[in-house]
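Enquirer: Have a look at this prediction, sequence included:
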Amino acid sequence: MRTARSRISGENLFDFFMAPSSQELEPPPIPGRFRSLFKHLIERGEYEGANPAHGFSFPEKMRPKMKRQQWDGERLTRLFNSPVWTGCKSKSSRSKPGVLVIKDEKYWLPLLGLYHGNRLEEFAQLVRSDLRREEEIWYFDINDDGDKQVKNEQSKRRVPVHPQLLVLDFIEYIEDIAPSSSDPLFPQLKPGGADGKRGHAFTKWWTRYRKEIGLYEPGLDYHSFRHGVTTKLFASGVSEVFVDELTGHEGKGTSRAVYTKEMPLRKLYEAICRVEWPEVLITP
């Protein structure tokens, strides 16, 4: 092993990592690990010369970016005709058909994504005080209060609750599960993963569930709902400034920065109502 390792020199280190056999490597989360590795090898006499990892970094793109797909048509019908929404066997067997419909985060988060296009973590970290009512319109107040996080300043916004969620008794669910202002809307979600996000466990379950019902496809994930909503809004004639406001997208123009603060909630509600999915039929 020592002989093999000594063949790697500082001069050919980059070529070693970029060789065909390592093309699929993901950039390491902590580049310092490479410096520590070579420091260890040098101290053991298994590598000669200066630490080659100093100043070394992987290129941003190690492999072609996977194209994200959209949930639509037959795939949407199959998804929402699956046991989570039509009836499952038990709480631990959500992918097996049965008579039990459990309205928890596994039930609500895909529906919220389908009709609003928010980022998963924006929903996962909501608390009761973030669900508000004004002018008879229920809306989510997306903010970074407390330990909540948003992607950027444009992510702070008001998003009206889609009427289909009201039909499915979403407000009743909230009033039951989160009676106090600081109560999380999805108490089952706890911070997890390296970045401590509340959507961590759901993301793992979501992948597993789609595989179990035969709907797993690379590039077709929760974030695909976001692309679907954006497409629906533009196709129905909603202006870019409203689309950016509803989805929290950082637009390239200046119109959103100028007019966002005065954007009427009623207009936002009228826009979100244009997101329709006739292929999805769910009974309360």
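Expert: It's in.
Enquirer: Now the residue nearest the centre of the chain: closest residue in space, sequence neighbours ignored.
Expert: Centroid-nearest residue in the chain, with CA atoms, centre = their mean: residue 120, separated by 3.7 Å. Nearest residue to residue 120, sequence neighbours excluded (CB to CB, 6 or more residues apart in numbering): residue 199, at 4.3 Å. Every C-beta, even on glycine, is put in place using the N, C-alpha and C of the backbone.
Enquirer: And the helices in the protein?
Expert: 2-6, 13-17, 32-43, 73-80, 83-86, 105-116, 120-124, 163-167, 170-177, 200-212, 223-235, 240-247, 255-259, 265-272 (DSSP state H).
Enquirer: How is this structure divided into domains?
Expert: 21-65, 73-272 (automatic domain parsing).
Enquirer: Now distance to residue 278 too, for these, in a markdown table please.
Expert: Formatted as a markdown table, these follow (distance: least, CB to CB, whole Å):
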| stretch | distance to residue 278 |
| --- | --- |
| domain 21-65 | 32 |
| domain 73-272 | 10 |
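Enquirer: Please work out which of these is packed deepest.
Expert: Of all these, domain 73-272 carries the top mean neighbour count, a mean of 16, counting by mean count of other CB atoms under 10 Å.
Enquirer: Sketch out the low-pLDDT regions of this protein for me.
Expert: 1-34, 53-67, 251-262 (pLDDT under 70).
Enquirer: what do you get if the cut-off is 50, keeping everything else the same?
Expert: 1-6, 14, 16-27, 61-63, 254-255 (pLDDT under 50).
Enquirer: Quickly note the distance from residue 167 to residue 148.
Expert: As judged by CB to CB, to the nearest Å, residue 167 and residue 148 stand 28 Å apart.
Enquirer: contacting residues around the residue nearest to residue 275 when sequence neighbours are not counted?
Expert: Once flanking residues are discounted, residue 275 sits nearest to residue 232: 4.8 Å by CB to CB, 6+ apart. With CB atoms under 8 Å, 6 or more residues apart in numbering as the criterion, the residues that contact residue 232 are 274, 275, 276.
Enquirer: Any idea which of the helices of the chain gets closest to residue 96?
Expert: helix 83-86 (6.2 Å; CB to CB).
Enquirer: Check the offset of the closest one from the chain's centre.
Expert: Here helix 83-86 is found 21 Å from its chain centre; the criterion is CA atoms, centre = their mean, to the nearest Å.
Enquirer: if we can go back for a sec, output the helices of the chain in a markdown table, with distance to residue 140 appended to each entry.
Expert: Formatted as a markdown table, the helices of the chain follow (distance: least, CB to CB, whole Å):
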| stretch | distance to residue 140 |
| --- | --- |
| helix 2-6 | 54 |
| helix 13-17 | 44 |
| helix 32-43 | 39 |
| helix 73-80 | 21 |
| helix 83-86 | 21 |
| helix 105-116 | 8 |
| helix 120-124 | 8 |
| helix 163-167 | 10 |
| helix 170-177 | 11 |
| helix 200-212 | 17 |
| helix 223-235 | 14 |
| helix 240-247 | 11 |
| helix 255-259 | 18 |
| helix 265-272 | 11 |
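Enquirer: so which of those comes closest to residue 95?
Expert: Closest among the helices of the chain, using CB to CB: helix 200-212, at 3.8 Å.
Enquirer: which secondary structure elements does that closest one contact?
Expert: The contact analysis (3 or more CB pairs under 8 Å, 6 or more residues apart in numbering; DSSP states H and E) places helix 200-212 against strand 93-97, helix 105-116, helix 120-124.
Enquirer: Run the angle between that helix and helix 73-80 for me.
Expert: 110 degrees (axes from the mean of the first three to the mean of the last three CA atoms, to 10 degrees).
Enquirer: ok, and the closest non-adjacent residue to residue 201?
Expert: In space, residue 201 is closest to residue 192, 5.4 Å off (CB to CB, 6+ apart).
Enquirer: any idea how far residue 221 is from that neighbour?
Expert: 18 Å.
Enquirer: Surely residue 127 is in contact with residue 185?
Expert: Yes. Using CB atoms under 8 Å, residue 127 makes contact with residue 185 at a distance of 6.6 Å.
Enquirer: any common contacting residues for the two?
Expert: residue 178.
Enquirer: Quick check: beta-bridge partners of the residue nearest to residue 201?
Expert: residue 197 (DSSP bridges).
Enquirer: okay but it is in contact with residue 203, surely?
Expert: No. Using CB under 8 Å, residue 192 is not in contact with residue 203; the gap is 9.3 Å.
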